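In: Let me see the structure of the following:
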Amino acid sequence: MLSALIIIPVLAVLLIGLLPKQLSASQVRSIALAITGVILIWTIKLSFDFDLTNPNFQLQEYLAWIPQLGLSYSLGIDGLSFPLIGLSGVLTFIVIASSHKNLERPRLYYAMILLVNAAIAGAFLSQNLLLFVLFYELELIPIYLLISIWGSEKRAYAGMKFLIYTALSGILILAGFLGMAWLSDAGSFDYSAIQTQNFELTTQLILLTVLLLGFGIKIPLVPLHTWLPDAYVESSPPVTILLGGILAKLGAYGLIRFGLQLFPEAWHIVSPTLATIGVISVLYGALTAIAQQDIKRMVAYSSIGHMGYILVAAAAANELSLIGAIAQMVAHGLILAILFQLVGIVEEKVGTRDLNILNGLMNPVRGLPLTSALLIMAGMASAGIPGLVGFVAEFPVFQGTFSVFPVHSLLCIIASGLTAVYFVILLNRTCFGKLDNKLAYYPKVTFSEQAPALILAAFIFILGIQPTWLFRWMEPTAQAMVIALNQSVPTQIAIK
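Out: Residues are numbered from 1 along each chain as shown. As a prediction, this is how the structure comes out:
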């Protein structure tokens with residue numbers, strides 16, 4: 001039952017709210033972690049019920065909610081949403097496990113994280129456009145609170161900026177969805193009903209543009225990205241994992257689900273422009289990351305670049321590129337999560353994120369050799385080194401895109417090289433170098449602090465050497481998308 005992925009965290013929010021105030025932050029965290037473990041177990045159970053050969057929506061649930069408004073409680077899952085549901089479950093577990101044991105107002109903190117988890121699951125599973133918007137907006141206030149209460153010095157500014165941008169994103173998406181319903185005879189906001197509509201090309205272009213702006217803010221794409229550096233840097237590391245590892249994927253998912261699939265002709269026409277915007281984001285993210293002295297800000301800008309790969313792959317819209325786009329969402333989520341988790345450890349133990357101060361962390365005297373080793377692995381994965389999940393996601397993106405946009409694909413490959421440049425800078429200046437006697441000793445990192453990073457490292461390595469374990473979930477759906485696109489687009493401009 002898909003509803004359990006929404007109901008369990010919602011009930012958990014109520015449960016945590018009723019917990020005695022006398023419970024310590026560590027005890028509340030243990031309860032939240034156990035609940036997230038139940039969600040993960042349920043996700044694994046659903047994987048056994050999921051038919052890998054079926055490209056259509058599965059395990060569907062339907063309940064007429066407010067038929068007068070065309071709103072129904074309609075859920076379904078396919079090869080596009082299932083990998084992201086799995087990613088959401090894993091990263092929510094990591095977020096809670098890596099949260100500080102002694103943080104203030106723990107009941108509110110963990111309740112907000114679980115509420116965000118419910119909203120994200122609902123958005124990925126929604127088969128009704130209005131229901132999607134409800135879940136999409138549901139995460140807005142919890143994330144704002146997580147940034148503005150538990151963030152760093154400029155948290156109020158970063159939280160308000162996130163709130164304004166995300167609210168604008170939701171308004172644009174709602175406007176696009178309302179336009180679909182009003183300009184069609186579907187009589188409903190159900191995805192299946194809208195998908196059967198044949199909109200005029202001009203209407204498709206207008207509605208697609210509105211959705212591109214809305215979801216482009218969420219990803220985010222250049223030049224709609226200005227909220228990201230502040231939100232990522234000022235948030236606590238676990239909340240940053242939530243923002244970059246999961247929420248950004250909601251924007252990319254929305255572009256593919258509601259843009260590419262509902263407006264195939266318009267998508268084909270604007271695809272060169274989309275690919276160009278994607279390349280600009282990729283190059284901008286890489287070049288800006290090179291210029292950073294704050295390691296957390298460097299990783300934040302790297303996220304902009306790696307999300308650009310997804311747009312370039314989606315613009316190419318062939319089977320291989322779409323597989324790459326979905327795989328890149330998963331890979332980027334895992335890599336970004338381990339990077340921010342490790343950066344958080346470094347900042348807590350050393351007291352700074354400044355590359356001009358950090359050095360020699362690999363030395364056992366510093367007490368951070370394992371953290372440094374994991375940071376090196378994460379940097380290699382982000383740079384697309386073979387044998388790690390970053391490579392198996394980027395390779396189909398580059399290969400699939402090359403047949404449609406060869407210049408864009410080559411520019412993305414160059415940007416991948418730039419990724420290696422800024423991570424070499426980060427790793428060389430952070431993990432190696434001479435020890436400063438004044439800063440020679442740091443508190444040792446406990447196993448529990450490094451355990452979340454070790455779990456993520458295992459996923460990054462295993463999926464890197466066994467990519468079929470990832471690709472098999474998405475291949476039938478990607479094939480079906482391309483077939484549907486080619487049937488919708490006139491033969492002379494069919495997407496190859």
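In: going forward, measure contacts between C-alpha atoms and count neighbours the same way
Out: Fine.
In: what's the longest strand in this structure?
Out: strand 58-66 (DSSP state E).
In: list the buried ones in that one?
Out: 58, 60, 61 (16 or more other Cα atoms under 10 Å).
In: beta partners of the first one?
Out: In this case it means residue 58. residue 77 (DSSP bridges).
In: Quick check: it touching residue 80?
Out: No - look at residue 58 against residue 80 with Cα atoms under 8 Å: they stay out of range, at 11.6 Å.
In: just the helices in the stretch 101-250 of the chain please.
Out: Using DSSP state H, counting those that start in this stretch, the helices found in the stretch 101-250 of the chain span residues 106-125, 129-138, 140-150, 155-182, 191-195, 201-218, 227-234, 237-241, 248-254.
In: pretty sure residue 195 is touching residue 262, no?
Out: Yes - between residue 195 and residue 262 there is a contact under Cα under 8 Å: 5.7 Å.
In: one step back: and which of the buried residues of strand 58-66 is nearest residue 481?
Out: Taking Cα to Cα as the measure, residue 481 lies nearest residue 58 of the buried residues of strand 58-66, at 15.6 Å.
In: so how far is residue 197 from that closest one?
Out: 22 Å (Cα to Cα, to the nearest Å).
In: With residue 167 instead?
Out: Counting by Cα to Cα - residue 167 and residue 197 are separated by 28 Å.
In: same question, residue 328
Out: Distance from residue 328 to residue 197, by Cα to Cα: 30 Å.
In: ok, these two, which is more surrounded?
Out: Ranked by neighbour count (other Cα atoms under 10 Å), residue 328 and residue 197 place residue 328 first, with 27 against 16.
In: check contacts around the more buried one.
Out: Contact analysis of residue 328 by Cα atoms under 8 Å, 6 or more residues apart in numbering lists 309, 310, 390, 393, 394.
In: mind redoing it with 10 Å?
Out: By Cα atoms under 10 Å, 6 or more residues apart in numbering, the contact set of residue 328 is 249, 306-307, 309-310, 313, 322, 334, 389-397.
In: element containing it, please.
Out: Counting by DSSP states H and E, the element that carries residue 328 is helix 319-350.
In: now that helix, how far from the centre of its chain.
Out: 8 Å (Cα atoms, centre = their mean, to the nearest Å).
In: Name the residues of it that are buried.
Out: Those buried within helix 319-350 under the rule 16+ other Cα under 10 Å are 319-347, 349-350.
In: Find the residues that touch each one of residue 195 and residue 262.
Out: Here residue 195 and residue 262 share the contacting residues residue 180, scored by Cα under 10 Å, 6+ apart.
In: Looking at these two now, which is surrounded by more residues?
Out: residue 262 (25 against 15).
In: one step back: lowest mean pLDDT across the helices of the stretch 101-250 of the chain, which one is that?
Out: Among the helices of the stretch 101-250 of the chain, helix 191-195 carries the lowest mean pLDDT, at a mean of 87.
In: where does the stretch 201-350 of the chain dip in pLDDT?
Out: Within the stretch 201-350 of the chain, no range satisfies pLDDT under 70.
In: try 90
Out: 222-223, 225, 261, 264, 293, 345-350 (pLDDT under 90).
In: so who does the residue lying closest to residue 150 once chain neighbours are set aside touch?
Out: Of all residues not flanking residue 150 in the chain, residue 236 sits nearest, at 6.4 Å (Cα to Cα, 6 or more residues apart in numbering). If you count contacts by Cα under 10 Å, 6+ apart, residue 236 has them with 99-100, 146-152, 155, 340-341, 344.
In: do the same with residue 56
Out: 76, 77, 78, 79, 476, 477, 480, 481.
In: Buried only: go through those for me.
Out: The neighbour count (16+ other Cα under 10 Å) marks 76, 77, 78, 79, 476, 477, 481 as buried among those.
In: which among the residues you listed gets closest to residue 190?
Out: Among the buried ones among the contacts of residue 56, residue 76 lies closest to residue 190 (Cα to Cα), at 11.5 Å.
In: pLDDT value on the closest one, please?
Out: pLDDT, residue 76: 94.
In: Could you check which helix or strand contains residue 75?
Out: With DSSP H and E as the criterion, the answer for residue 75 is strand 71-77.
In: just how off-centre is the helix or strand that that strand is followed by within its chain?
Out: Where DSSP H and E defines the elements, the next helix or strand beyond strand 71-77 is helix 81-97. Here helix 81-97 is found 10 Å from its chain centre; the criterion is Cα atoms, centre = their mean.
In: between helix 81-97 and helix 319-350, how big is the angle?
Out: If you take axes from the mean of the first three to the mean of the last three Cα atoms, to 10 degrees, helix 81-97 sits at 0 degrees to helix 319-350.
In: elements contacting helix 81-97?
Out: If contacts are counted by 3 or more Cα pairs under 10 Å, 6 or more residues apart in numbering; DSSP states H and E, helix 81-97 sits against helix 25-49, strand 71-77, helix 106-125, helix 237-241, helix 248-254, helix 319-350, helix 447-465.
In: Reformat the ones you listed as CSV; add distance to residue 132.
Out: Formatted as CSV, the helices and strands packed on helix 81-97 follow (distance: least, Cα to Cα, whole Å):
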stretch, distance to residue 132
helix 25-49, 20
strand 71-77, 10
helix 106-125, 5
helix 237-241, 22
helix 248-254, 10
helix 319-350, 19
helix 447-465, 29
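In: Which of the ones you listed sits closest to residue 410?
Out: Closest among the helices and strands packed on helix 81-97, using Cα to Cα: helix 319-350, at 14.3 Å.
In: and the angle from that closest one to helix 227-234?
Out: 40 degrees.
In: Helix 319-350: what's the following helix or strand?
Out: Sequence order places helix 369-382 as the next helix or strand after helix 319-350, per DSSP H and E.
In: And that following helix, what's buried?
Out: 369-372, 374-382.
In: Counting by contacts, list what the next helix or strand after it packs against.
Out: Counting by DSSP H and E, the element after helix 369-382 in chain order, helix or strand, is helix 389-402. Helices and strands touching helix 389-402, as assessed by 3+ Cα pairs under 10 Å, 6+ apart, comprise helix 295-316, helix 319-350, helix 369-382, helix 406-431, helix 447-465, helix 468-471.
In: again, 8 Å this time
Out: Applying 3 or more Cα pairs under 8 Å, 6 or more residues apart in numbering; DSSP states H and E, one finds that helix 389-402 makes contact with helix 295-316, helix 319-350, helix 369-382, helix 406-431, helix 447-465.
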